[in-house]
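1. Quick one: sequence plus predicted model below, questions after.
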Amino acid sequence: MVMNMWYSKHSPVFETKNSKSIVHPFIVKGHRGLTINPYQGCQHRCGYCYATYEWSPEFYDKIYAKSNAPEVLESQLKSWKSETIEPVMVSSATDAYQPAELKYGLTQKCIEVLQKHNVPYYVFTKSTLIERDLKLHQKYKDDCFLVWSITTCDEKIRRLMEPGTPPAHSMFKVIKKFTDAGVCCGVNIDPIMPFITDSQSQLQEIIDSCHDSGVPYVFGALLRLRSDIWERVKIILKLLHIENGIDQYKKTIYQFREPLEPWCNVTVNESYESRVLQNLEEKVSEKGMIFDFPDLIRSRRLNSNQSYNGGQQVTLTSYM
């Protein structure tokens, strides 16, 4: 079977584009925040990726670098209408430290602008390239939170479903350097994929690696299905020879009928989700880690050295 929906032996094409704005509101479940995405598209080629919408049909194969992102960010922050600003998520719809960052350095430049204006931020990544910016994040360690999304330590599975990502053991080596440097780090086991990465042994291996790397915060979430994601997941189930996997997804785990309507998100049944997450929480707690993310970052006063203590606190769990 040809994995023509996300897998390719060819490198993506890089192109530059200008953006009129780079800071955008990000609202989830009533919680307010902001996001910046220096890139559009992602080279990590995760088959389960939630960012592969119709507006970006070449998401895996053409990476757009927003070449004026640092300048636009600087301009937007200088003209910010409020004295305070919510935490900024870097990035919500791509990986800020994907290989394109080696060529363009836009994430590094945007982080420098955020720090200059006293803006708190989260960084989400699957990359080891972030090690390049260890000192940059370390000097801002009280107002940033770095999160690695790790789905599996099984190399056979990783190479199949997220071929552009580094191995988990490489990411944990980098995480250890950040935790040793005093930077607050977390691991998000997301998505947990039924019959693929949800076994006790798979989750335990990640948790053990988190503990060994000094990670204080761990969380996780089950895979959500959308029509395009489901098509890719079906291929993964077949290639991993998971017997009756497709039928079990439809009849037992997600309980839906095909075809899925576009833009329809399907979640796992509550009993399955409760069982998996409760087991995960127990394993995390046994290792002395916290099954949550910290209430680290509040809204901040722009260009001030004093923390702003008013306003609604936004934490990482607010975005999930």
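-> Ah, there it is.
2. Which stretches in the stretch 51-200 of the chain count as strands?
-> Taking DSSP state E, counting those that start in this stretch as the criterion, the stretch 51-200 of the chain carries its strands at 62-66, 84-85, 88-90, 121-125, 144-149, 185-192.
3. Show me what stretch 61-71 is in contact with.
-> Judged by Cβ atoms under 8 Å, 6 or more residues apart in numbering, the contacts made with stretch 61-71 from elsewhere in the structure are 8, 10, 12-19, 22, 36-43, 72, 98, 100, 103-104, 106, 109-110, 112-113. (Glycine included, C-beta is placed from N, CA and C.)
4. Quick one, which of these are buried?
-> When neighbours are counted using 16 or more other Cβ atoms under 10 Å, the contacts of stretch 61-71 contain these buried positions: 12, 14, 19, 22, 36-43, 72, 98, 100, 104, 106, 109-110, 112-113.
5. Can you flag which of these belong to helices?
-> Among these, the members falling in helices are 72, 100, 104, 106, 109-110, 112-113 (criterion: DSSP state H).
6. now the longest helix along the chain against strand 185-192, angle please.
-> Residue-count comparison of every helix in the chain, with assignments taken from DSSP H, identifies helix 270-286 as the longest. If you take axes from the mean of the first three to the mean of the last three Cα atoms, to 10 degrees, helix 270-286 sits at 150 degrees to strand 185-192.
7. Using CSV, write down the CA coordinates of helix 270-286.
-> This file holds the C-alpha atoms of helix 270-286, laid out as CSV (Å, rounded to 0.1, in the frame of the first residue of the first chain):
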residue,chain,number,x,y,z
GLU,A,270,-16.0,7.7,27.8
SER,A,271,-15.3,4.4,29.5
TYR,A,272,-12.3,3.7,27.4
GLU,A,273,-10.9,7.2,27.8
SER,A,274,-11.4,7.1,31.6
ARG,A,275,-9.7,3.7,31.9
VAL,A,276,-6.6,4.8,29.8
LEU,A,277,-6.2,8.2,31.5
GLN,A,278,-6.8,6.9,35.0
ASN,A,279,-4.1,4.2,34.4
LEU,A,280,-1.8,6.9,33.0
GLU,A,281,-2.3,9.2,36.0
GLU,A,282,-1.6,6.4,38.4
LYS,A,283,1.7,5.5,36.6
VAL,A,284,2.7,9.2,36.5
SER,A,285,2.0,9.6,40.3
GLU,A,286,3.9,6.5,41.2
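8. Identify each buried residue in that helix, please.
-> Buried positions in helix 270-286, judged by neighbour count with 16+ other Cβ under 10 Å: 272-273, 276-277, 280-281, 283-284.
9. gap between the two ends of stretch 114-131?
-> One end of stretch 114-131 to the other measures 19 Å (Cα to Cα, to the nearest Å).
10. pLDDT averaged over that stretch - what is it?
-> For stretch 114-131, the mean pLDDT works out to 95.
11. Now do the longest helix of the chain: everything it contacts.
-> Contacts with helix 270-286, where a contact means Cβ under 8 Å, 6+ apart, come from 189, 192, 194, 198, 200, 203-204, 207, 210, 218, 220, 222, 252-253, 267, 290-291.
12. residue ranges with poor pLDDT in the stretch 151-300 of the chain?
-> Along the stretch 151-300 of the chain, segments meeting pLDDT under 70 span 295-298.
13. Contact partners for residue 126?
-> Contacts were defined as Cβ under 8 Å, 6+ apart; by that measure residue 126 touches 44, 46, 95, 148-150, 162, 165-166, 171.
14. ok, those vs residue 120, which is closest?
-> residue 148 (18.8 Å; Cβ to Cβ).
15. ok, for residue 222, nearest residue in space, not its chain neighbours?
-> Distances taken as Cβ to Cβ, 6 or more residues apart in numbering put residue 268 closest to residue 222, at 4.8 Å, once the chain neighbours are dropped.
16. That neighbour belongs to a strand?
-> No. Counting by DSSP: H, G, I helix; E, B strand; the rest coil, residue 268 is not part of a strand but coil.
17. That one: neighbouring residues, count only.
-> Around residue 268 sit 24 other residues, with neighbours defined as other Cβ atoms under 10 Å.
18. swap in residue 231?
-> As a burial measure, the neighbour count of residue 231 was computed by other Cβ under 10 Å and equals 15.
19. distance between the one helix or strand it maps to and the chain's centre?
-> Residue 231 is part of helix 227-239 when elements are defined by DSSP states H and E. Shown here is helix 227-239, whose average C-alpha point lies 20 Å from the average C-alpha point of the whole chain (Cα atoms, centre = their mean, to the nearest Å).
20. which one of the buried residues of helix 270-286 is nearest residue 142?
-> Proximity of the buried residues of helix 270-286 to residue 142, judged by Cβ to Cβ, is greatest for residue 284, which lies at 24.2 Å.
21. follow-up on the earlier one: pipe the buried residues of helix 270-286 into a markdown table and attach distance to residue 79 per row.
-> Supplementary listing: the buried residues of helix 270-286 in a markdown table, determined by distance: Cβ to Cβ, whole Å:
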| residue | distance to residue 79 |
| --- | --- |
| 272 | 48 |
| 273 | 43 |
| 276 | 46 |
| 277 | 43 |
| 280 | 44 |
| 281 | 44 |
| 283 | 47 |
| 284 | 43 |
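22. Alright, I will stop here.
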